[in-house]
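Novice: Below: sequence and its predicted model.
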Amino acid sequence: MALKLESGAKLVVATHNPGKARELAEILDNRFVLVTAGELGLPEPEETEQTFVGNALLKARAAAQRSGLVAIADDSGLSVAALEGQPGVYSARWAGPTRDFGLAMKKVEARLEEAGRDDLSAWFTSALAVAWPDGPAVVVEGRIDGTLAFPPRGDKGFGYDPIFVAEGRAETFGEMNPAEKDRISHRARAFEKLKAALL
Ligand code: IMP
């Protein structure tokens, strides 16, 4: 069965973060009527899976089942080759309860030093899932490869942006013009795949 989304359909964005909801609306060209899980008072499920795809599906399915509407969710993070892919699905959690990414970036640097590895290869992943209340779901993943740079540079982005340099670039994501980052990022790549699958 081909799963397609009709223009004008009502979609639940399975996030309580208004910034993410806005970003999704823009990328979906405002074709849909979006309501957030937060606005519907849906609880945020615990992210218990070990993969980005697993957590994106878990969030989309929970929102679809509870709301009776088609739901879209994302899960993303930074993976470091020399740390066997950590922090990965724990990217947000490494920043602690106050979401201090200065701390999270120091932790990455310290773990690399402890591991005594000089391989600075890393990548960002974004998984996007769309789930229907009656069961079917589509999930895609986008990835951008690069290298880590210490100390952190730039204040234009968020999260781990100041320590990530995308392949073929000299500036960190934190120094990059945000429109340029949005054009090449893991999230942009995932959205392109999702559009190809559903629109
Ligand atoms: P979640 O997808 O909300 O569970 O959290 C993903 C975490 O990964 C965020 O808190 C960020 O720290 C990190 N992350 C994901 N995408 C990016 C990015 O584009 N730049 C920097 N950090 C990112």
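Specialist: Yep, that arrived.
Novice: Check the residue nearest to Ser67 when sequence neighbours are not counted and give its pLDDT.
Specialist: By the measure of CB to CB, 6 or more residues apart in numbering, the closest residue to Ser67 outside its immediate chain neighbours is Val12, 4.9 Å from it. C-beta coordinates here come from the backbone N, C-alpha and C atoms, glycine included. If you check Val12, the pLDDT there is 93.
Novice: pretty sure Val12 is in a strand, no?
Specialist: Yes - the assignment for Val12 is a strand, going by DSSP: H, G, I helix; E, B strand; the rest coil.
Novice: Mind listing the residues bridging to it?
Specialist: When assigned by DSSP bridges, Val12 has beta-bridge partners Val35, Ala71.
Novice: where's it relative to Glu6, distance?
Specialist: For Val12, the distance to Glu6 equals 15 Å [CB to CB, to the nearest Å].
Novice: Contacts only, for the residue in the chain that the ligand sits nearest to.
Specialist: Nearest residue of the chain to the ligand (CB to the nearest ligand atom) works out as Gly159 at 2.4 Å. Residues in contact with Gly159 (CB atoms under 8 Å, 6 or more residues apart in numbering) are 78, 91-92, 95, 101, 104.
Novice: list the helices and strands the worst-scoring helix or strand of the chain on mean pLDDT packs on?
Specialist: Every helix and strand of the chain was ranked by mean pLDDT, DSSP states H and E. The lowest is helix 18-27, at a mean of 74. Applying 3 or more CB pairs under 8 Å, 6 or more residues apart in numbering; DSSP states H and E, we find helix 18-27 packed against strand 10-13, strand 33-36, strand 70-80, helix 186-198.
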